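In: give the three-dimensional model of this entry:
(chains A, B, C and D)
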Protein chains: 2
Amino acid sequence: MDNRLKVLRAERDWSQAELALRLDVSRQAVNAIETGKHDPSLPLAFRIARLFGMPIEEIFDDGHA
Amino acid sequence: MDNRLKVLRAERDWSQAELALRLDVSRQAVNAIETGKHDPSLPLAFRIARLFGMPIEEIFDDGHA
DNA sequence: GCTATTTGTCAGGTCTTCTTGACACAGTCG
DNA sequence: CGACTGTGTCAAGAAGACCTGACAAATAGC
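Out: Purely as a prediction, here's the structure:
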(Lines give C-alpha, C1' and ligand atoms only; values in the text may rest on other atoms or scores of the structure.)
Protein backbone atom coordinates (compact mmCIF):
# COMPACT_ATOMS: atom_id res chain seq x y z
CA MET A 1 0.00 0.00 0.00
CA ASP A 2 1.39 3.34 -1.15
CA ASN A 3 1.22 6.35 1.15
CA ARG A 4 2.22 10.00 1.50
CA LEU A 5 3.27 9.79 5.12
CA LYS A 6 6.88 10.75 4.53
CA VAL A 7 5.87 13.88 2.62
CA LEU A 8 3.22 14.95 5.11
CA ARG A 9 5.73 14.42 7.91
CA ALA A 10 8.41 16.41 6.09
CA GLU A 11 5.97 19.29 5.53
CA ARG A 12 5.63 19.50 9.29
CA ASP A 13 9.31 18.84 9.99
CA TRP A 14 8.58 15.92 12.29
CA SER A 15 10.88 12.97 12.91
CA GLN A 16 9.48 9.46 12.72
CA ALA A 17 9.76 9.33 16.50
CA GLU A 18 7.75 12.55 16.85
CA LEU A 19 5.03 11.26 14.54
CA ALA A 20 4.97 7.95 16.41
CA LEU A 21 4.36 9.84 19.64
CA ARG A 22 1.45 11.77 18.16
CA LEU A 23 -0.05 8.55 16.81
CA ASP A 24 0.61 6.56 19.97
CA VAL A 25 2.52 3.82 18.17
CA SER A 26 6.17 2.77 18.18
CA ARG A 27 8.74 4.51 16.00
CA GLN A 28 9.31 1.19 14.24
CA ALA A 29 5.63 0.99 13.33
CA VAL A 30 5.81 4.41 11.65
CA ASN A 31 8.97 3.40 9.85
CA ALA A 32 7.46 0.11 8.65
CA ILE A 33 4.43 1.93 7.24
CA GLU A 34 6.50 4.63 5.55
CA THR A 35 8.81 2.12 3.95
CA GLY A 36 5.87 0.01 2.80
CA LYS A 37 6.59 -3.00 4.97
CA HIS A 38 3.17 -2.91 6.68
CA ASP A 39 -0.25 -1.46 6.10
CA PRO A 40 -1.62 0.29 9.16
CA SER A 41 -4.63 -1.19 10.91
CA LEU A 42 -7.88 0.65 10.16
CA PRO A 43 -7.96 2.34 13.59
CA LEU A 44 -4.40 3.57 13.08
CA ALA A 45 -5.30 4.77 9.57
CA PHE A 46 -8.11 6.80 11.17
CA ARG A 47 -5.69 8.36 13.69
CA ILE A 48 -3.26 9.23 10.88
CA ALA A 49 -6.02 10.79 8.76
CA ARG A 50 -7.30 12.78 11.71
CA LEU A 51 -3.82 13.98 12.64
CA PHE A 52 -3.19 15.31 9.13
CA GLY A 53 -6.74 16.57 8.69
CA MET A 54 -7.54 14.71 5.50
CA PRO A 55 -9.42 11.59 4.37
CA ILE A 56 -7.72 8.20 4.51
CA GLU A 57 -8.02 7.98 0.73
CA GLU A 58 -5.85 11.09 0.31
CA ILE A 59 -3.04 9.60 2.35
CA PHE A 60 -3.12 5.95 1.36
CA ASP A 61 -3.46 4.49 -2.09
CA ASP A 62 -4.11 0.81 -2.68
CA GLY A 63 -3.47 1.06 -6.36
CA HIS A 64 -6.96 0.17 -7.54
CA ALA A 65 -7.55 3.78 -8.45
CA MET B 1 -15.12 -0.04 15.26
CA ASP B 2 -18.70 0.80 14.26
CA ASN B 3 -19.83 0.34 10.68
CA ARG B 4 -22.82 0.55 8.35
CA LEU B 5 -22.12 -2.65 6.41
CA LYS B 6 -25.32 -4.41 7.42
CA VAL B 7 -27.44 -1.47 6.29
CA LEU B 8 -25.58 -1.00 3.00
CA ARG B 9 -25.88 -4.71 2.35
CA ALA B 10 -29.60 -4.70 3.16
CA GLU B 11 -30.16 -1.77 0.77
CA ARG B 12 -28.78 -3.97 -2.00
CA ASP B 13 -30.49 -7.13 -0.74
CA TRP B 14 -27.25 -9.06 -0.60
CA SER B 15 -26.54 -11.98 1.71
CA GLN B 16 -23.31 -12.02 3.72
CA ALA B 17 -22.09 -14.75 1.36
CA GLU B 18 -22.86 -12.60 -1.68
CA LEU B 19 -21.03 -9.62 -0.20
CA ALA B 20 -18.10 -11.86 0.73
CA LEU B 21 -17.88 -13.00 -2.88
CA ARG B 22 -17.78 -9.42 -4.16
CA LEU B 23 -15.10 -8.51 -1.63
CA ASP B 24 -13.10 -11.68 -2.18
CA VAL B 25 -13.08 -12.65 1.49
CA SER B 26 -14.73 -15.47 3.41
CA ARG B 27 -18.34 -15.26 4.57
CA GLN B 28 -17.08 -15.51 8.15
CA ALA B 29 -14.88 -12.45 7.65
CA VAL B 30 -17.88 -10.41 6.55
CA ASN B 31 -19.89 -11.68 9.50
CA ALA B 32 -17.09 -10.88 11.96
CA ILE B 33 -16.83 -7.32 10.67
CA GLU B 34 -20.59 -6.77 10.69
CA THR B 35 -20.96 -8.06 14.22
CA GLY B 36 -18.05 -5.93 15.40
CA LYS B 37 -15.71 -8.82 16.19
CA HIS B 38 -12.98 -7.60 13.83
CA ASP B 39 -11.92 -4.44 12.10
CA PRO B 40 -11.15 -4.97 8.44
CA SER B 41 -7.59 -4.56 7.23
CA LEU B 42 -6.95 -1.28 5.40
CA PRO B 43 -6.86 -3.00 1.98
CA LEU B 44 -10.20 -4.66 2.71
CA ALA B 45 -11.63 -1.36 3.92
CA PHE B 46 -10.63 0.12 0.55
CA ARG B 47 -12.38 -2.69 -1.33
CA ILE B 48 -15.51 -2.19 0.76
CA ALA B 49 -15.51 1.56 0.20
CA ARG B 50 -15.00 1.11 -3.51
CA LEU B 51 -17.76 -1.49 -3.75
CA PHE B 52 -20.27 0.82 -2.10
CA GLY B 53 -18.98 3.92 -3.86
CA MET B 54 -18.29 6.00 -0.76
CA PRO B 55 -15.33 7.04 1.41
CA ILE B 56 -14.10 4.74 4.15
CA GLU B 57 -15.05 7.37 6.72
CA GLU B 58 -18.70 7.17 5.67
CA ILE B 59 -18.84 3.43 6.26
CA PHE B 60 -16.65 3.01 9.32
CA ASP B 61 -16.63 5.06 12.48
CA ASP B 62 -13.92 4.72 15.10
CA GLY B 63 -15.81 6.83 17.60
CA HIS B 64 -13.28 9.67 17.78
CA ALA B 65 -15.72 11.86 15.85
C1' DG C 1 36.59 15.35 14.26
C1' DC C 2 33.13 14.47 17.66
C1' DT C 3 28.51 14.13 19.26
C1' DA C 4 23.69 13.80 18.81
C1' DT C 5 19.80 12.81 15.97
C1' DT C 6 17.49 10.31 12.57
C1' DT C 7 16.52 6.43 9.94
C1' DG C 8 16.62 1.62 8.77
C1' DT C 9 16.68 -2.92 10.28
C1' DC C 10 16.78 -7.34 13.04
C1' DA C 11 14.99 -10.74 16.54
C1' DG C 12 11.48 -12.54 19.36
C1' DG C 13 7.11 -12.18 21.07
C1' DT C 14 1.99 -10.99 21.26
C1' DC C 15 -2.46 -10.03 19.34
C1' DT C 16 -5.45 -9.35 15.29
C1' DT C 17 -7.20 -10.51 10.75
C1' DC C 18 -8.42 -13.89 7.75
C1' DT C 19 -8.73 -18.79 6.18
C1' DT C 20 -11.23 -23.55 5.79
C1' DG C 21 -14.36 -26.72 7.66
C1' DA C 22 -17.94 -27.63 10.60
C1' DC C 23 -22.18 -27.19 13.32
C1' DA C 24 -26.67 -25.18 15.28
C1' DC C 25 -30.61 -22.42 14.77
C1' DA C 26 -34.27 -19.58 12.20
C1' DG C 27 -37.00 -18.67 8.54
C1' DT C 28 -39.00 -19.78 3.99
C1' DC C 29 -40.98 -22.70 0.54
C1' DG C 30 -42.25 -26.94 -1.80
C1' DC D 1 -42.66 -32.57 7.12
C1' DG D 2 -38.26 -31.99 4.50
C1' DA D 3 -35.06 -29.17 1.91
C1' DC D 4 -32.83 -24.96 1.38
C1' DT D 5 -31.01 -20.32 2.68
C1' DG D 6 -29.17 -17.03 5.82
C1' DT D 7 -26.88 -16.03 10.00
C1' DG D 8 -24.03 -16.77 14.00
C1' DT D 9 -20.41 -19.21 15.99
C1' DC D 10 -16.41 -22.46 17.07
C1' DA D 11 -11.64 -24.47 16.31
C1' DA D 12 -7.08 -24.53 14.43
C1' DG D 13 -3.84 -22.38 11.69
C1' DA D 14 -1.45 -18.82 8.41
C1' DA D 15 -0.24 -14.26 7.79
C1' DG D 16 -0.02 -9.49 9.11
C1' DA D 17 0.31 -5.58 12.53
C1' DC D 18 2.15 -4.21 16.56
C1' DC D 19 5.57 -4.32 20.66
C1' DT D 20 10.41 -3.82 23.13
C1' DG D 21 15.23 -3.72 22.86
C1' DA D 22 19.16 -3.40 20.24
C1' DC D 23 22.50 -2.13 16.73
C1' DA D 24 24.58 0.10 12.38
C1' DA D 25 24.70 3.72 9.13
C1' DA D 26 23.67 8.35 7.49
C1' DT D 27 22.97 13.26 8.56
C1' DA D 28 23.45 17.59 11.06
C1' DG D 29 25.58 20.82 14.23
C1' DC D 30 29.20 22.32 17.00
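
In: where's residue A:5 relative to residue B:33, distance?
Out: Using CB to CB, to the nearest Å, residue A:5 is found at 25 Å from residue B:33. Where C-beta positions appear, they are placed from N, C-alpha and C, glycine not excepted.

In: let me see the contact set for residue A:29.
Out: By CB atoms under 8 Å, 6 or more residues apart in numbering or on different chains, the contact list for residue A:29 reads A:20, A:38, A:40, A:44.

In: could those go into JSON lines alongside pLDDT?
Out: Below are these laid out as JSON lines (pLDDT from 0 to 100):
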{"residue": "A:20", "pLDDT": "97"}
{"residue": "A:38", "pLDDT": "96"}
{"residue": "A:40", "pLDDT": "98"}
{"residue": "A:44", "pLDDT": "98"}
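
In: out of these, which are buried?
Out: Among these, those classed as buried by 16 or more other CB atoms under 10 Å in any protein chain shown are A:20, A:40, A:44.

In: between residue A:5 and residue B:33, who's got more neighbours?
Out: When residue A:5 is set against residue B:33 and neighbours are counted by other CB atoms under 10 Å in any protein chain shown, the residue ahead is residue B:33, at 25 against 20.

In: cool, thanks, talk later.
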